[in-house]
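[1] what's the 3D shape of this:
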Amino acid sequence: MVLVSPGKVCCDLVLLEGECVVDETVLTGESVPVRKTCYDIELHGATYRPDTFGNCMLYNGTVVAASRGGAPGRQAVAIVAATSFNTAKG
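    The predicted structure follows:
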């Protein structure tokens, strides 16, 4: 588990709790930050697929501009999905 705070993301992460605003310019070229929401197992199902649930992914090389946890006083929480050459950036 990883506590997500503002700064550069060093691996691919699946957001499990909270939400983030992410600058994905290095991947997409888009200059507008993207809102990421947490993966909800009850809503999305038990099988996670990064190609289907990209709105839950924080990608290697992107920058978290802001994050907040699912409850007041808590931080966003994620789990590592990929590192090194196995990330979306490669």
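
[2] burial count for residue 68?
    Neighbours of residue 68 under the rule other CB atoms under 10 Å: 16. For glycine as for every other residue, the C-beta is placed from the backbone atoms N, C-alpha and C.

[3] wait, it sits on residue 21?
    No. Look at residue 68 against residue 21 with CB atoms under 8 Å: they stay out of range, at 9.4 Å.

[4] what distance do you get for residue 84 to residue 90?
    9 Å (CB to CB, to the nearest Å).

[5] how about residue 28?
    Distance of residue 28 to residue 90, computed by CB to CB: 15 Å.

[6] more neighbours: which of the two?
    Each of residue 28 and residue 90 has its neighbours counted (other CB under 10 Å); residue 28 has more, 12 against 9.

[7] bridging residues for the most centrally placed residue in the chain?
    Centroid-nearest residue in the chain: residue 58, 2.5 Å away (criterion: CA atoms, centre = their mean). Judged by DSSP bridges, the bridge partners of residue 58 are residue 13.

[8] so who does it touch?
    Contacts for residue 58 (CB atoms under 8 Å, 6 or more residues apart in numbering) come out as 4, 9, 12-15, 20, 22, 36, 64, 78.

[9] now with 7 Å, please.
    By CB atoms under 7 Å, 6 or more residues apart in numbering, residue 58 lies in contact with 4, 9, 13, 15, 20, 22, 36, 64, 78.

[10] among the residues you listed, which ones are buried?
    4, 9, 13, 15, 20, 22, 36, 64, 78 (16 or more other CB atoms under 10 Å).

[11] return the subset of the residues you listed lying in strands.
    Under the assignment DSSP state E, the buried ones among the contacts of residue 58 contribute 4, 13, 15, 20, 22, 36, 64, 78 to strands.

[12] in TSV, list those along with distance to residue 46 and pLDDT.
    Below are those laid out as TSV (distance: CB to CB, whole Å; pLDDT from 0 to 100):
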residue	distance to residue 46	pLDDT
4	23	96
13	19	94
15	17	94
20	23	96
22	25	97
36	20	94
64	27	97
78	18	95
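
[13] so which of those is the closest to residue 47?
    residue 15 (16.8 Å; CB to CB).
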